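Enquirer: got a structure for you, letters missing:
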């Protein structure tokens, strides 16, 4: 009988050690991960160590012709086109007026909510970082999509294009379609 008591004592000792270990892990998870006593906020600048620099991302295309005659004014108009086309607070008509070949894009924009219903589309905006004119009627643009309050608040270093349609600079359809893929939405092919 004495031989049976020793394994039983070992069993209880091991069980006690396991319960103690599980309790310690639960305490650490609860105290420091799930319910921390203080919140630490880290402000991350849009061009900081957490985001790749312009040298670390794809470069803007090289020009293939001369720029517009009034480059500063054209740059302002390209920036305005991006800001209006991506303005979540704007109306659908306003956004579409600044997108070249915009047919059906507002409906596709709304489909993002099917895949990501908590996306704050009304708060969406864009920050233009750089404009490079490829010629008098085409510009390449590096920009950041900003979604305040969303789990991913910024999509930096996006590259898109604007074209001069008549007398108005507009964001290209392909640029908007590329950005819709971030919301798991695909643009149908144009025929």
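Expert: That came in fine, so what should we check first? In this text the structure is predicted, and so the values were computed from the model without any measurement. Numbering: from 1, shown residues only.
Enquirer: Closest to the centroid, which residue in this structure?
Expert: Central residue of the chain (CA atoms, centre = their mean): residue 155, 2.7 Å from the mean position.
Enquirer: For it, give me the pLDDT.
Expert: On pLDDT, residue 155 comes in at 94.
Enquirer: ok, now which ones touch it?
Expert: Contacts for residue 155 (CB atoms under 8 Å, 6 or more residues apart in numbering) come out as 144, 145, 147, 179, 182. Any C-beta I mention is one placed from the backbone N, CA and C, and that applies to glycine too.
Enquirer: repeat that for 7 Å
Expert: Neighbour list for residue 155: 144, 145, 182 [criterion: CB atoms under 7 Å, 6 or more residues apart in numbering].
Enquirer: Next one: the nearest residue to residue 174 once chain neighbours are set aside from residue 111, what distance?
Expert: Spatial nearest neighbour of residue 174, excluding adjacent residues (CB to CB, 6 or more residues apart in numbering): residue 161 at 7.1 Å. To residue 111, residue 161 is 23 Å away according to CB to CB, to the nearest Å.
Enquirer: who has more neighbours, the two?
Expert: Legend: neighbour count by other CB atoms under 10 Å for residue 161 and residue 111, higher for residue 161 (20 against 14).
Enquirer: What lies in contact with stretch 84-98?
Expert: 81, 99, 102, 105-106, 121-126, 145, 170-171, 176.
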